[in-house]
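Quick check, what structure comes out for this input:
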Amino acid sequence: MEKFNTLTAKGAFDLPAMGASGTVELYGKAPNKSFTLISIPGFGEVKQGFDGSAGWAQDPTSGKFNDLSGVELSEVKINAEFYRDYKLKELYPKMTLKGKEQSGGRDVYVIEAAAPGVAKKMYFDAGTGLLARMDSVLEGANGKRSIEEYFDDYKDVEGVKFAHTYRQINPEYNFTFKFNEVKFNAAVDDAKFVKPAA
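Reported below is the predicted structural model:
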């Protein structure tokens, strides 16, 4: 993984409850920058980014770009860590193995992980060691929300296993990303991660 310093992933976005679909683009850059763009025909674009120190998100209804703070910022900051997958102990100072159970028809090891303002329950496939699911409770402008994230369809990309299907379940809606193009070390301009001007 240390051979790489950027990630680009593109694919389809699906929001069944609203009958909406579109495209998704993810961009990451070492050590800790990230940008997500979701484009939905007839609705518009939703953007979220972290430039290495500040996090921001576009309000899908007003189109305004808001600064993230508190738990939301902590969450985005951890997710922006480019080498996150093998820095879990560093990112989550407290990690506890809770045992083995079943999830999605497979045996998984369950680990509870905590960082300042962030608590996760991670489910690692007992056979492959790959992350299969992650549960969290986030607190934002709309109060506390329980979120389940599922990672499937891992494929080899230049020696790295990457989940080509990502599904999230939360109180407001469920959505899915299905990636069909994943690249490492493509050129990514730093400007992409900076909050756009009002």
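
before we move on, which element is residue 150 in?
strand 143-157 (DSSP states H and E).

Give the partner strands of that strand in its sheet and their orientations.
Partner strands for strand 143-157, per DSSP bridges, with pairing direction: strand 131-140 (antiparallel), strand 160-169 (antiparallel).

How far off centre is stretch 84-96?
16 Å (Cα atoms, centre = their mean, to the nearest Å).

got the buried residues for it?
88, 91, 92 (16 or more other Cβ atoms under 10 Å). Where C-beta positions appear, they are placed from N, C-alpha and C, glycine not excepted.

Of those, which is the nearest to residue 35?
Closest approach to residue 35 among the buried residues of stretch 84-96 (Cβ to Cβ): residue 91, at 19.6 Å.

dump the residue contacts of the closest one.
Residues in contact with residue 91 (Cβ atoms under 8 Å, 6 or more residues apart in numbering) are 78, 81, 84, 115.

name the helices or strands packed onto the strand or helix carrying residue 14?
Using DSSP H and E, residue 14 maps to strand 6-15. In this structure, strand 6-15 makes packing contacts with strand 20-29, strand 33-40, strand 174-184, judged by 3 or more Cβ pairs under 8 Å, 6 or more residues apart in numbering; DSSP states H and E.

and residue 105, which of those strands is closest to it?
Closest among the helices and strands packed on strand 6-15, using Cβ to Cβ: strand 174-184, at 18.4 Å.

Output the helix or strand where residue 90 lies as CSV, nothing but the C-alphas.
According to DSSP H and E, residue 90 maps onto helix 88-91. This file holds the C-alpha atoms of helix 88-91, laid out as CSV (Å, rounded to 0.1, in the frame of the first residue of the first chain):
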residue,chain,number,x,y,z
LEU,A,88,-6.2,1.3,13.0
LYS,A,89,-4.4,1.0,16.3
GLU,A,90,-3.0,4.5,15.9
LEU,A,91,-6.4,6.0,14.8
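
any idea of the mean pLDDT for it?
Averaging pLDDT along helix 88-91 yields 91.

after that helix comes which helix or strand?
strand 94-103.

Would you mind listing the buried residues in whatever helix or strand comes next after that next one?
Proceeding N to C from strand 94-103, the next assigned helix or strand is strand 106-115, under DSSP H and E. For strand 106-115, burial by neighbour count (16+ other Cβ under 10 Å) applies to 108, 109, 110, 111, 113, 115.
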